[in-house]
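> Give the three-dimensional model of this entry:
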Amino acid sequence: MIQTSIEELLFIDIETVSSHHKFTELNEELQGLFAKKTAYQRKEEFTAEEFYNEKAGIWAEFGKVVCISIGYIKEDGDHRDMRFKSYYGEDEKLLLAEFGQALKKFKTFKLIGHNVKEFDIPFLCRRMLIHGIPLPYTLNVAGKKPWEVPHLDTMELWKFGDWKHFTSLKLLTNLFDIPSPKDDIDGSEVGRVFWEENDCERIAIYCEKDILAVAQLILRWTGKPLLEKDNIHFSILN
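Numbering: from 1, shown residues only. Sure, this is the predicted structure:
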């Protein structure tokens, strides 16, 4: 199913929120542009302001990255360890720049995540360009044909060519009897935790646990034992 050594995979996940806490903090032109961009999705059910508060973080033009977590696995015979690193905080430009520098150390690795090709990678690229940060080679996939993009996506792998199929990571971990590492917040709460609690570390913990779930899924798919607690080295949790 996967032709790449697990030691050549860089697991990645990002967390995003709206660029501003409230819709009214956008200038008048941006408010109008957001309303126009989301008209189809909103229909008559939500006002632009209501929709902004709930969904703005999924669009790179109206959202921002508050956490990027990466992880990799080292193997030694039957023994394997997973280590993590997170870039997080209120200064999006700084964390994107730091992440871009880190990717230079992993330039031979393939990125892997759940829905990473459709969401995480495009979002990162767009936000980097908005901040004037040169795209690292690993992320510069614009104009490439799908089969030329080296990164792996667990959602895409599970589709087996069925492009209408969408399966959440939570469902996949349940199907493959992988303990859920998410024991605190979920994706719908990231915006609240950022804007109201100002707790970026809590978001980073959640983000690292997300990539652990992807790693465990890959191990299950490749017929390898799951990582044990003592072999999981979070950068945020001791």
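
> Endpoints of stretch 103-119, how far apart?
Start-to-end span of stretch 103-119 (CA to CA, to the nearest Å) is 18 Å.

> who touches it?
With contact meaning CB atoms under 8 Å, 6 or more residues apart in numbering, stretch 103-119 is reached by 4, 8-14, 58, 70, 72, 120-121, 136-139, 149-156, 169, 172, 210-211, 213-214, 218. The C-beta positions use only the backbone N, C-alpha and C, and glycine is treated the same way.

> Any idea how far it is from the middle of the chain?
When C-alpha coordinates are averaged (CA atoms, centre = their mean, to the nearest Å), stretch 103-119 and its chain have centres 10 Å apart.

> List the buried residues for it?
Buried residues in stretch 103-119, defined by neighbour count with 16 or more other CB atoms under 10 Å: Leu103, Phe106, Phe109, Lys110, Leu111, Ile112, Gly113, His114, Asn115, Val116, Lys117, Phe119.

> ditto for stretch 50-70
Neighbour-count burial for stretch 50-70, counted by 16+ other CB under 10 Å, picks out 51-53, 55-57, 59-60, 62-70.

> likewise stretch 91-102?
Buried residues in stretch 91-102, defined by neighbour count with 16+ other CB under 10 Å: Glu92, Leu95, Leu96, Ala97, Glu98, Phe99, Gly100.

> Would you mind measuring from Leu72 to Glu49?
One thing to correct before we go on: residue 72 is Tyr, not Leu. Counting by CB to CB, to the nearest Å, the separation of Tyr72 from Glu49 is 42 Å.

> Between the two, which has more neighbouring residues?
Remark: of Tyr72 and Glu49, Tyr72 carries more neighbours, 20 against 14, as counted by other CB atoms under 10 Å.

> Spatially nearest residue to the more buried one (excluding sequence neighbours)?
In space, Tyr72 comes closest to Leu10 once its chain neighbours are excluded; the distance is 5.6 Å by CB to CB, 6 or more residues apart in numbering.

> Tell me if that neighbour really is in a helix.
No - counting by DSSP: H, G, I helix; E, B strand; the rest coil, one finds Leu10 to be strand, located in no helix.

> Mind listing the residues bridging to it?
Assessed by DSSP bridges, Leu10 has beta-bridge partners Leu111.

> Give me the distance between it and Lys144.
Plainly put, Leu10 is 18 Å away from Lys144 if you go by CB to CB.

> Look at these two and report which has more neighbours.
In terms of neighbours (other CB under 10 Å), Leu10 is the more surrounded of Leu10 and Lys144; the figures are 23 against 10.

> all helices in the chain, in order from the N-terminus.
Secondary structure of the chain (DSSP state H): helices located at 28-37, 39-42, 48-55, 92-105, 121-130, 154-159, 169-175, 190-195, 200-221.

> Can you add mean pLDDT and give those helices back as TSV?
What follows is these, written out as TSV (pLDDT from 0 to 100):
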stretch	mean pLDDT
helix 28-37	96
helix 39-42	90
helix 48-55	92
helix 92-105	95
helix 121-130	96
helix 154-159	93
helix 169-175	93
helix 190-195	94
helix 200-221	95
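
> Tally up the residues packed near Ile133, please.
Using other CB under 10 Å, Ile133 has 17 other residues around it.
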